[in-house]
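Student: model the structure of this input:
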Amino acid sequence: MHLLSASCVCALLITALLRQVSGLDTVIGLYGETLEIPCNNGAMKAEDVLITKWKYDKGEGLPGDLLVKQKNQNVSISATLEYKGRVSMAANSSLLLSEAKLSDQRTFTCMVVAGADIEEYPVNVVIYKPPAGLEISDKASELEIGKLNKLGTCVAPDANPAANITWLKNNIPLVADGKGISIEASMLPDPVTGLSTTTSILKYSAKKEDTDAEFTCSTQHTVGSELVSSPVTFTITYTTENIVLQVITQDPLVEGDNVTLKCVADGNPAPTSFNFQLKEELVKVENTDTYIITNVSRDTTGEYKCSLVDDPTMEASKDITVNYLDINLSPSGNIVKSAGEALDLSFQIDASGDAKVSWTKDNVKLEKEPKFTKLTYADSGRYECEVTMGVLSRKAAFELAVEGVPVIKQLHKQRGKDGTHEVLICEAEGSPKPDVSWSINGTSPEESPFVNGMITHKITVMPTANLTVSCTVSNGFGADTKTINVSYINVEVKMDKQDQSDGSDQTKLVVGVVVGLLVATVVIALAYLVYMKKSKQGSWKTGEKEDGSSEEEKKLEEKVEENSQKAEV
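Tutor: Purely as a prediction, here's the structure:
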């Protein structure tokens, strides 16, 4: 260690005082951890530093030595008492202070000797510590509406500086208003560690909507992240203010169903005993809020009430309607009637609302309800009516059979396409289905389906003489017969006529040829006669005689006249 003269030391001290920085740097350390306090912040080059010394302010202006290091030598620690074993120097000349305490909140000074210069770098140290935790204690068992009750106590222990506590409901901060919200905070330092414990008490006037609300407390310390307590909920108690009667059943309610009446009161704790007014009957239930009506009927329809046992004026009511649908069709089943009679139908509907009616005959929809003033065979069939009201549906049906003596409506004939046979057609009406018979045998018998009491029967005949044929229809009620005349068809004569027709055509052709020849002969003769007359006239003019005689001319004229008559024939 180099020794400096007293005059040099004084000069260095004076220089240091002149160059001392008036403002102090501040270093924040965490409680219980190692704190690094920087020296000169690189203001001097390490190779120029001859001596580095650390000291601290003991209070009352008295310094305390911690350690010193001369160039190219090891650190010499001189710390005693509270800093013994807690200080060391880093390679960059920073002071390392382990296990930081609140008592370390003071000024530490680094003195540096470089050549003839002496510099001091004081650093102010602040020690922070976030709270050890955050919990709500001393919680209320329940909160009563409208009363300012203590909700709980939030404690943030062992912090520096002391923690500030905020209360929240459903993550929304609560602010004291002197009425429904009161917050009392206090701080207590630990005499040993110096750390502070903050306590906050919340008094709260609850509301109905606070049921299931989550209350928490939080703090945001200078260092570290925000701390939030575990949420707590409370039972909110209040007297009953509203009551509702609920009717629980399937929709729609029909006869035979069960109905559950439930009385719902908004008090907390909820009432456990109720009175149910079942029309004219009063029923009390305990330890439940429901009453079940089984196998309801249309007589169940009416007004029902429920009320509190200890306060009958607190009541609620509800109307119950039991839906029903009844139909009555008379007559029904199998109905047998005679043709021409009337059938009086009686159809009645008893329902709790408007119903829709539809009719079908043999599964075919009818436009309106059937009326039978004079029954016909076509009225026979299965009739069904369906009545609907919402989801309710009822059906009724009857089978109508119209019976009577069969009647032949028409008996006629048709000539076959080839003209060699006749088709006899017998159309009849009756029920049950009539049997059809003919007075003669025929071929290709054909019978139509029996529909609406009608049947048609056909046979094919080739009569060999003029006949009178009868058709007979019969069933268990009687019979009917009609006749028709059928003429003889001579197949051979018909064929001869066809042959004669062919010969006549040939004769007409021959006659036409002969007539044509005769006409040609007459035309030639007339032409010759005219020629001869002209010849005579010419000879009179010249005075010459004709070669022919008058007899020849006469014979020629007679011949022409004869031929002319033959042509006319």
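Student: in what helix or strand does residue 385 lie?
Tutor: strand 381-389 (DSSP states H and E).
Student: output the contacting helices and strands for that strand.
Tutor: strand 325-330, strand 346-351, strand 356-361, strand 392-415 (3 or more C-beta pairs under 8 Å, 6 or more residues apart in numbering; DSSP states H and E). (Glycine included, C-beta is placed from N, CA and C.)
Student: and with 10 Å instead?
Tutor: strand 325-330, strand 346-351, strand 356-361, strand 364-366, strand 392-415 (3 or more C-beta pairs under 10 Å, 6 or more residues apart in numbering; DSSP states H and E).
Student: of all those, which one comes closest to residue 288?
Tutor: Smallest distance to residue 288 across those (C-beta to C-beta): 32.1 Å, for strand 392-415.
Student: circling back: of all the helices and strands packed on strand 381-389, which one is nearest residue 230?
Tutor: strand 392-415 (57.0 Å).
Student: tell me the strands beside the very next helix or strand once past the closest one, with direction?
Tutor: For strand 392-415, the following helix or strand on the C-terminal side (DSSP H and E) is strand 422-431. Strand 422-431 has the following strand partners under DSSP bridges: strand 392-415 (antiparallel), strand 454-461 (antiparallel).
Student: can you give me the angle the longest one makes with strand 381-389?
Tutor: Right, the one you point to is strand 392-415. Angle of strand 392-415 versus strand 381-389, following axes from the mean of the first three to the mean of the last three C-alpha atoms, to 10 degrees, is 150 degrees.
Student: just the CA trace of strand 392-415, in CSV.
Tutor: Output in CSV follows, covering the C-alpha atoms of strand 392-415 (Å, rounded to 0.1, in the frame of the first residue of the first chain):
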residue,chain,number,x,y,z
LEU,A,392,-106.2,-34.2,-30.3
SER,A,393,-107.9,-36.4,-32.9
ARG,A,394,-111.0,-38.6,-32.9
LYS,A,395,-112.5,-40.9,-35.6
ALA,A,396,-115.8,-42.6,-36.2
ALA,A,397,-117.1,-44.7,-39.1
PHE,A,398,-119.9,-46.7,-40.5
GLU,A,399,-120.3,-49.2,-43.3
LEU,A,400,-123.4,-48.6,-45.4
ALA,A,401,-124.9,-51.3,-47.6
VAL,A,402,-127.9,-50.3,-49.8
GLU,A,403,-129.8,-53.4,-51.0
GLY,A,404,-132.8,-54.1,-53.2
VAL,A,405,-134.3,-56.0,-56.1
PRO,A,406,-132.1,-55.7,-59.2
VAL,A,407,-133.4,-53.8,-62.2
ILE,A,408,-132.2,-54.0,-65.8
LYS,A,409,-131.4,-50.4,-66.8
GLN,A,410,-130.7,-51.1,-70.4
LEU,A,411,-130.6,-54.1,-72.8
HIS,A,412,-129.3,-53.4,-76.3
LYS,A,413,-127.2,-54.9,-79.1
GLN,A,414,-124.3,-54.0,-81.3
ARG,A,415,-123.4,-55.5,-84.7
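Student: quick test: name the residue nearest the centre of this structure.
Tutor: Computing the C-alpha centroid of the chain and ranking residues by C-alpha atoms, centre = their mean puts residue 251 first, at 19.7 Å.
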